[in-house]
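Enquirer: this is the structure alone, sequence omitted:
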């Protein structure tokens with residue numbers, strides 16, 4: 001049979017198209033390049049063998065036994081370690097004992113000092129001294145040089161200064177109704193002193209009545225204080241002082257109290273130093289001011305009475 005003629009192609013075009021498959025082998029051989037990359041893990045064994053370097057470092061621990069054995073070394077001239085420790089403890093014990101024996105006397109001295117101070121602050125009242133205090137106290141303790149108002153310490157003190165004292169006298173120097181009540185309670189004597197206010201406007205006489213017993217004088221004093229006009233004791237003038245002209249006519253007000261349980265009564269009469277005008281009597285439209293002046297003197301007499309009783313009561317109770 002006659003074979004068909006091969007297909008005709010443009011001249012010179014067939015050979016390249018037919019040879020193209022021949023180019024494939026190089027591309028198929030590319031996987032052959034992989035073995036070098038697959039062999040890279042073979043490099044790992046040197047890195048896995050690095051832990052084998054540790055034994056030299058682990059063996060350094062074997063150097064420790066010589067150092068651990070050092071406590072067993074004993075030198076000829078060196079005392080044993082236990083003996084040195086015992087000596088240190090003994091010194092500490094001696095030091096502690098010395099501190100204890102040194103502190104104990106100091107604490108004892110402090111305790112004695114504190115106890116002495118506290119005992120000095122204790123006030124023991126002598127009940128037997130009170131009734132005779134007026135006789136046993138000094139005159140400046142019965143009638144102090146100055147009578148201060150303790151409530152006005154931080155401000156201007158409204159003090160009263162003593163001008164003079166009178167001799168002992170009978171209880172008749174008290175106002176009639178007060179004298180009658182005092183004598184009924186066994187009033188034995190009366191002591192008086194005159195004071196002038198630091199402001200230079202007021203003068204007062206204070207009297208202390210000595211009784212056999214306080215009795216009912218506190219109730220009597222409360223009742224009489226409601227009628228406190230013209231005072232409760234005769235004034236005492238003191239020549240050569242601002243109180244030289246002090247007399248009954250100048251008396252405006254006063255007060256009285258009993259020192260229960262002590263057998264004393266205290267009375268006050270107060271008035272102005274200026275004798276040229278009458279403070280409690282003003283004409284006509286000034287009558288209200290006159291009443292205000294009387295009220296002022298009555299309040300001041302109450303303050304003076306309270307301040308004096310506080311000082312004398314403290315001295316009389318020892």
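Expert: Nice, thanks for sending it over. Because the structure is a prediction, the values reported are computed rather than measured. Numbering: from 1, shown residues only.

Enquirer: who does residue 174 bridge with?
Expert: For residue 174, the beta-bridge assignment (DSSP bridges) gives partners residue 233.

Enquirer: ugh, wrong one, I meant residue 256
Expert: Bridge pairing for residue 256 (DSSP bridges) gives the partners residue 267.

Enquirer: what's the neighbour count on it?
Expert: Per other CB atoms under 10 Å, the neighbour tally for residue 256 reads 29. Backbone N, C-alpha and C define where each C-beta goes, glycine included.

Enquirer: so who does it touch?
Expert: By CB atoms under 8 Å, 6 or more residues apart in numbering, the contact set of residue 256 is 178, 221, 224, 225, 228, 232, 265, 266, 267, 268, 305.

Enquirer: swap in 7 Å and give it another go.
Expert: Listed by CB atoms under 7 Å, 6 or more residues apart in numbering, the contact set of residue 256 reads 178, 221, 224, 225, 232, 265, 266, 267.

Enquirer: for the fourth one, which non-adjacent residue is spatially closest?
Expert: Using CB to CB, 6 or more residues apart in numbering and skipping the chain neighbours, the partner closest in space to residue 225 is residue 255 (5.8 Å).

Enquirer: how about the helices in the protein?
Expert: Ranges of helices in the chain, per DSSP state H, are 14-19, 24-28, 34-38, 44-48, 54-59, 64-68, 81-121, 133-136, 139-142, 176-184, 217-225, 287-316.

Enquirer: for the last one, packing partners?
Expert: Applying 3 or more CB pairs under 7 Å, 6 or more residues apart in numbering; DSSP states H and E, one finds that helix 287-316 contacts strand 146-147, strand 202-210, strand 253-258, strand 264-272.

Enquirer: would you convert those strands into a markdown table that also reports distance to residue 111 and mean pLDDT?
Expert: Formatted as a markdown table, those follow (distance: least, CB to CB, whole Å; pLDDT from 0 to 100):
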| stretch | distance to residue 111 | mean pLDDT |
| --- | --- | --- |
| strand 146-147 | 40 | 94 |
| strand 202-210 | 44 | 96 |
| strand 253-258 | 44 | 93 |
| strand 264-272 | 42 | 95 |
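
Enquirer: could you point out which of these sits nearest residue 137?
Expert: strand 202-210 (10.6 Å; CB to CB).

Enquirer: just grab the bridge partners of residue 194 for me.
Expert: residue 164, residue 205.

Enquirer: wait, it sits on residue 164?
Expert: Yes: with contact defined as CB atoms under 7 Å, residue 194 counts as touching residue 164 (5.7 Å).

Enquirer: what's the overlap in contacts for those two?
Expert: residue 238.

Enquirer: and those two? Which one has more around it.
Expert: residue 194 (24 against 17).

Enquirer: how close does that one sit to residue 178?
Expert: 19 Å (CB to CB, to the nearest Å).

Enquirer: equivalent analysis for residue 299, please.
Expert: Distance from residue 299 to residue 178, counting by CB to CB: 20 Å.

Enquirer: with neighbour numbers in mind, choose between those two.
Expert: Higher neighbour count among residue 299 and residue 178: residue 178, with 24 against 12, using other CB under 10 Å.

Enquirer: list the contacts for the more buried one?
Expert: Residue 178 makes contact with 224, 232, 256, 267 under the criterion CB under 7 Å, 6+ apart.

Enquirer: so what's the second one up against?
Expert: Contacts were defined as CB under 7 Å, 6+ apart; by that measure residue 232 touches 174, 175, 178, 254, 255, 256, 267, 268, 269.

Enquirer: hmm, try it at 10 Å
Expert: 173-175, 177-179, 205, 207, 221, 224-225, 251, 253-256, 265-269, 301, 305 (CB atoms under 10 Å, 6 or more residues apart in numbering).

Enquirer: how close does it sit to residue 208?
Expert: Residue 232 is 12 Å from residue 208, by CB to CB.

Enquirer: need the overlap of contacts for the two.
Expert: By CB under 10 Å, 6+ apart, the residues touching both residue 232 and residue 208 are 265, 266, 267.

Enquirer: if we ignore the residues flanking it in sequence, what's nearest residue 147?
Expert: Of all residues not flanking residue 147 in the chain, residue 160 sits nearest, at 4.4 Å (CB to CB, 6+ apart).
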